[in-house]
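In: Following is a predicted model, sequence given first.
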Amino acid sequence: MKHGEELPPLEIEVTRTLIVAGAIASRDYQDVHHDAESARRRGSPDIFMNILTTNGLVGRYITDHFGPGAVLRKVAIRLGAPNYPGDTMVLTGTVVEVKDATATVKVIGANGIGTHVSGTVTVTVPPGSAS
């Protein structure tokens with residue numbers, strides 16, 4: 001874990017099942033996350049991923065890289081372009097700060113229409129547990 005380290009990209013297929021399952025798992029029953037007709041009535045071309053699913057995928061990206069001992073301390077993200085079914089989101093990350101066993105990683109998740117998510121994750125990695 002060093003300043004400037006780039007994490008390998010993670011490609012996530014955005015499927016209808018992923019969107020709906022993420023909404024159900026996070027108890028977000030807004031119709032725009034599971035009902036295409038309702039989403040269209042509200043001006044969206046299809047259902048779209050909720051922020052809680054995105055937050056979980058960002059956390060997974062970080063812990064997959066830093067290993068099972070990694071502890072997420074802070075996740076600060078913003079949503080941009082929606083994740084629609086049939087697209088692919090590619091997560092990338094760069095370590096922008098390291099202090100002792102704690103790093104801050106700048107994360108971006110892009111899809112076919114733009115940046116879906118951007119922000120930072122602060123993670124502590126106990127010695128000997130990094131991948």
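Out: Noted; the coordinates are in hand.

In: who touches the longest strand along the chain?
Out: If you go by DSSP state E, the chain has its longest strand at strand 87-99. Applying CB atoms under 8 Å, 6 or more residues apart in numbering, the external contacts of strand 87-99 come out as 1-7, 9-14, 57-58, 61-62, 65, 83, 103-113, 116-117, 120-121. From N, CA and C alone the C-beta is placed, and that goes for glycine too.

In: Mind listing the residues bridging to residue 119?
Out: residue 77, residue 107 (DSSP bridges).

In: burial count for it?
Out: If you count neighbours by other CB atoms under 10 Å, residue 119 ends up with 18.

In: and it, what is it in contact with?
Out: 58, 75, 76, 77, 78, 106, 107.

In: What pLDDT is listed against the nearest residue in space to the third one that is not next to it in sequence?
Out: Leaving out its chain neighbours, the residue that sits closest to residue 76 by CB to CB, 6 or more residues apart in numbering is residue 119, at 4.9 Å. Model confidence at residue 119, given as pLDDT, is 98.

In: and the spatially most central residue of the chain, what pLDDT?
Out: Central residue of the chain (CA atoms, centre = their mean): residue 58, 2.9 Å from the mean position. Note on residue 58: pLDDT of 98.
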